[in-house]
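>>> Sharing a model that was predicted from the sequence below.
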Amino acid sequence: MNKEYWDKYYKEKHTDILKPSPFAVFCKSWLADNPIEDAFIVDIGCGNGRDMYYLGAIGYDQSSSAGNYKKISDVNLEHFDVVYARFVIHALTEEEEKQIYDQSSGYLMIETRSDKGVRPDETHERRLTNSDELIKKLEDNNFKIIYFVEGWGLAPHKDEDPVCVRVIAKKQL
Ligand SMILES: C[S@@+](CC[C@H](N)C(=O)[O-])C[C@H]1O[C@@H](n2cnc3c(N)ncnc32)[C@H](O)[C@@H]1O
């Protein structure tokens with residue numbers, strides 16, 4: 001969704017998103033504690049690639065001014081050990097979101113904006129995540145929830161501190 005918004009956004013200089021996100025730092029440390037040998041990671045909706053580089057992942061983004069130019073619907077996620085999706089689930093259509101749960105065959109690492117504590121001055125369309133619905137979707141798709149948290153302080157950015165949901169889940173094959 002919002003391709004034009006993201007094309008314009010990544011054409012501008014955003015020095016505030018040069019470092020990896022706190023979620024990427026969290027995930028890298030989690031992966032180190034739960035070693036998955038030579039994990040093949042895909043960063044879906046990788047934006048400028050900051051987390052992709054940090055995690056040593058392959059990344060795709062719909063925006064031609066961001067990372068590897070590809071829409072999620074053009075990527076096959078089946079062969080990755082880890083599907084990493086930060087601040088992306090709320091930016092997808094329902095169909096694209098479903099593709100992630102259908103195709104992921106290993107670990108899924110998600111950070112997304114929650115529908116709780118929303119500010120009215122939104123700049124672009126988002127399908128904010130209801131955490132109960134997300135957990136249900138994952139469980140219905142055979143995922144085991146390994147880690148879950150929802151709250152403030154997870155992704156502060158400039159003067160914003162949105163309520164976020166973090167999930168690590170593993171597909172039970
Ligand atoms: C909020 S940004 C997050 C970027 C990056 N994950 C980060 O945390 O810095 C959302 C990204 O999702 C991308 N996106 C939205 N819909 C997409 C789709 N259908 N396929 C691929 N990327 C998509 C946008 O272009 C944008 O770069």
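Thanks, I have the structure now. Numbers count the residues shown, from 1 in each chain.
>>> now stretch 136-143: mean pLDDT?
Stretch 136-143 carries an average pLDDT of 97.
>>> And the contacts of it?
E97, Y101, D102, S104, L108, I145, V167, A169, K170, K171, Q172, L173 (CB atoms under 8 Å, 6 or more residues apart in numbering). Placement of C-beta: from N, CA and C, glycine included.
>>> Could you list the contact residues of this protein toward the ligand?
Contact residues (CB under 6 Å from any ligand atom) of the chain with the ligand: 1, 6, 17, 21, 45-47, 50-51, 60-63, 66, 71-72, 86-88, 91-92, 96.
>>> Let's see the pLDDT reported for K71.
So K71 comes in at 88 (pLDDT).
>>> excluding its backbone neighbours, what's nearest G151?
V163 (6.3 Å; CB to CB, 6 or more residues apart in numbering).
>>> residue contacts, the one you found?
V163 makes contact with R113, S114, K116, G117, V118, E150, G151, W152, according to CB under 8 Å, 6+ apart.
>>> ok, back up a step: drop anything exposed from the residues of the chain next to the ligand.
6, 21, 45-47, 50-51, 60-63, 66, 72, 86-88, 91-92, 96 (16 or more other CB atoms under 10 Å).
>>> Go through those and flag which are in helices.
W6, R50, D51, E96 (DSSP state H).
>>> min pLDDT across the residues you listed, which one?
Lowest confidence among these: W6, with 77.
>>> I figured that one was touching S64, is that so?
No. W6 is beyond contact range of S64, at 9.3 Å (criterion: CB atoms under 8 Å).
>>> can you list the contacts of V163 in TSV and add secondary structure, distance to R127 and neighbour count?
Shown next, in TSV, are the contacts of V163 (DSSP: H, G, I helix; E, B strand; the rest coil; distance: CB to CB, whole Å; neighbours: other CB atoms under 10 Å):
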residue	secondary structure	distance to R127	neighbour count
R113	strand	9	20
S114	strand	12	21
K116	coil	14	16
G117	coil	16	13
V118	coil	12	13
E150	strand	16	17
G151	strand	20	13
W152	coil	20	13
